[in-house]
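S.K.: just a sequence and a predicted model for now, questions to come.
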Amino acid sequence: MKLYQFDMAPASKRVYFFLKETGIEVPMVQINVRDGDQFQEPFNSLNPFNCIPFLELEDGTTISESVAICRFLEETNNTSKKLFGKISKERAIIEMWNRRLEIDGYIPLINGIRNKFERYKGKVLPGTRNDLPQVPAIAKRAIESCRILFERLNAHLNTTSYVAGEAFSIADITGYEVVQLAIAIEMDFDEFEEVKAWHKKLDKRFKSYE
Ligand SMILES: N[C@@H](CCC(=O)N[C@@H](CS)C(=O)NCC(=O)O)C(=O)O
């Protein structure tokens, strides 16, 4: 089994934090997606979506998508720490928050960043190189969407230690990367005290892995 990563990419960080949290070990291969290695063979055939992370299994199957990779590893390893939850109710709540954070935060912000900064010209959609124009309105809408998410999240975090309850979960990893992306797109979210405190707590936790 091999995990293909590019350490500094947000999606790779999600899998990296998951591995550190659960203690699961997987051999890793670095692909430099900035240099376009993902379009070269054998990577292009292994993952035609041309993105990292992806997991290559012994039987040749490729699993891409950070959450699918983490879920597979959690289910196939006997770890005591279950970041996807133990019982049905917990699992549903974790999934609910993870989806909300991705749909209202992570995905709009990734698209916003790629439509805002010059360095993403010619790569506005992940895993592509083409002449699709950058659209500044997408960056503006990303911040508007994330602001609504942070308003809701801020009120919610007032009542709970972690986003899906009292236990740390995969949704906290997603949420941490949402805040990192909000910083990267230069969003002003200074008024969201609970979001900032939760991000700070997670930052301390994740920095301890470095
Ligand atoms: N939804 C995917 C996102 C994968 C993705 O967008 N990966 C980016 C890095 S964060 C990538 O490989 N980009 C390469 C490129 O755009 O060429 C996941 O969570 O795994």
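M.R.: Okay, I see it.

S.K.: hey, let's count contacts and neighbours off CA atoms from now on
M.R.: Fine.

S.K.: care to break this structure down by domain?
M.R.: 2-76, 88-207 (automatic domain parsing).

S.K.: same list (these) but as CSV, adding mean pLDDT.
M.R.: Below are the domains of the chain laid out as CSV (pLDDT from 0 to 100):
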stretch, mean pLDDT
domain 2-76, 97
domain 88-207, 98
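
S.K.: which element is the residue nearest to Gly112 when sequence neighbours are not counted on?
M.R.: Leaving aside its chain neighbours, Gly112 sits nearest to Ala139 (3.6 Å; criterion: C-alpha to C-alpha, 6 or more residues apart in numbering). For Ala139, the host element (DSSP states H and E) is helix 136-157.

S.K.: which helices and strands sit right next to that helix?
M.R.: helix 107-116, helix 193-207 (3 or more C-alpha pairs under 8 Å, 6 or more residues apart in numbering; DSSP states H and E).

S.K.: and these, which is most packed in?
M.R.: helix 107-116 (a mean of 23; mean count of other C-alpha atoms under 10 Å).

S.K.: coming back round to it: contacts made by the helix holding Ala139 with the rest, please.
M.R.: Helix 136-157 is contacted by residues 101, 104-105, 108-109, 111-113, 115-116, 163, 182, 185, 187, 189, 192-195, 198 when judged by C-alpha atoms under 8 Å, 6 or more residues apart in numbering.

S.K.: buried set for the helix or strand Glu21 falls within?
M.R.: Assessed by DSSP H and E, Glu21 sits inside helix 10-22. By neighbour count on 16 or more other C-alpha atoms under 10 Å, the buried set for helix 10-22 is 10-19, 21-22.

S.K.: can you narrow those residues to ones near the ligand?
M.R.: 10-11 (C-alpha under 6 Å from any ligand atom).
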